[in-house]
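**Q** Attaching a predicted model along with its sequence, questions to come.
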Amino acid sequence: KQEVTQIPAALSVPEGENLVLNCSFTDSAIYNLQWFRQDPGKGLTSLLLIQSSQREQTSGRLNASLDKSSGRSTLYIAASQPGDSATYLCAVRGLYSGAGSYQLTFGKGTKLSVIP
Amino acid sequence: EAGVAQSPRYKIIEKRQSVAFWCNPISGHATLYWYQQILGQGPKLLIQFQNNGVVDDSQLPKDRFSAERLKGVDSTLKIQPAKLEDSAVYLCASSPLTDTQYFGPGTRLTVL
């Protein structure tokens, strides 16, 4: 059974700092990995999706890397801003989740606070 | 483009009562998902529809939970009877046959 762990559970940084969020998963047989952002009282927003054949994806100040063999991914946020404050969730789609299934296994998330 | 709509946003019920949640996906999205997110946890997939059909309901507690997607558009998730441990946020998402899922704001259920 796939398990996804995110460390740390919470992180507080001053504005402008670069930071790294970590995600690990137990089963390397994955289709892809996604990073989501969740704001209080709102749904999830997909930030980056990395296919299993890729090593990294970038979008603006965000960069996500994937090391499938070691079961790890990192989300790097450059020059953090107060608007980046949210919970960041990592999710993997398993290779054997069933025909047509897009079932994602989520971690518990890292709650990020960027202090002005 | 309108996003995924869900209602109600909040619901408080007594245990053993019934409750239903409604979801309207983004127009044209073939795939619809219901997730349960317990406080402090990541979302857990309950059921995935593709058009009218169920693709994955392996984690749906079928003795008390049911879901339907009529005409391949709107969907309803029902809990009957509710238990205390069903207190959670119920998220609906839709996608256009890709891995990118678009989430609604969720329904926060409190079971007393």
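**A** Ah, there it is.

**Q** residues in contact with residue A:94?
**A** When contacts are counted by Cβ atoms under 8 Å, 6 or more residues apart in numbering or on different chains, residue A:94 touches A:2, A:27, A:29, A:30, A:31, A:103, A:105. Placement of C-beta: from N, CA and C, glycine included.

**Q** just those: which has the poorest pLDDT?
**A** Sorting those by pLDDT puts residue A:103 at the bottom of the list (83).

**Q** pretty sure it contacts residue B:47?
**A** No. If you go by Cβ atoms under 8 Å, residue A:103 and residue B:47 don't touch, sitting 10.2 Å apart.

**Q** which one of the two has more residues nearby?
**A** Between residue A:103 and residue B:47, counted using other Cβ atoms under 10 Å in any protein chain shown, the more crowded position is residue B:47 (23 against 19).

**Q** State the number of residues packed around the residue in chain B that chain A sits nearest to.
**A** Per Cβ to the nearest Cβ, residue B:42 is where chain B lies closest to chain A, at 2.8 Å. One way to gauge burial is a neighbour count; for residue B:42, by other Cβ under 10 Å, it gives 22.

**Q** so what's the residue nearest to it when sequence neighbours are not counted bridging to?
**A** With sequence-adjacent residues excluded and distances taken as Cβ to Cβ, 6 or more residues apart in numbering or on different chains, residue B:42 is closest to residue A:106, at 2.8 Å. For residue A:106, the beta-bridge partners under DSSP bridges are residue A:91.

**Q** residues in contact with residue A:106?
**A** Counting by Cβ under 8 Å, 6+ apart, residue A:106 touches A:4, A:89, A:90, A:91, B:41, B:42, B:43, B:44.

**Q** Same list, the residues you listed, but as CSV with secondary structure and pLDDT please.
**A** Compiled in CSV, the contacts of residue A:106 are given as follows (DSSP: H, G, I helix; E, B strand; the rest coil; pLDDT from 0 to 100):
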residue, secondary structure, pLDDT
A:4, strand, 97
A:89, strand, 97
A:90, strand, 97
A:91, strand, 95
B:41, coil, 92
B:42, coil, 93
B:43, coil, 94
B:44, strand, 94
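
**Q** could you point out which element follows the lowest-mean-pLDDT helix or strand in chain A?
**A** Taking mean pLDDT, DSSP states H and E as the measure, chain A has strand A:104-106 as its least confident helix or strand, at a mean of 92. Using DSSP states H and E, the helix or strand that directly follows strand A:104-106 along the chain is strand A:110-115.

**Q** buried set for that next one?
**A** Judged by neighbour count (16 or more other Cβ atoms under 10 Å in any protein chain shown), strand A:110-115 contains these buried residues: A:110, A:111, A:112, A:114.

**Q** Stretch A:13-22 too?
**A** Using 16+ other Cβ under 10 Å as the burial criterion, the residues of stretch A:13-22 that qualify are A:13, A:19, A:21.

**Q** quick one: the residue of chain B closest to chain A from residue A:62, how far?
**A** Distance of residue B:42 to residue A:62, computed by Cβ to Cβ, to the nearest Å: 19 Å.

**Q** Distance of the residue of chain A at minimum distance from chain B relative to residue A:24?
**A** Among the residues of chain A, residue A:106 lies closest to chain B, at 2.8 Å counting by Cβ to the nearest Cβ. From residue A:106 over to residue A:24 the distance is 13 Å, taken as Cβ to Cβ.

**Q** got any residues that touch both of these two?
**A** Residues touching both residue A:106 and residue A:24 by Cβ under 8 Å, 6+ apart: residue A:4.

**Q** Right, I'll leave it there.
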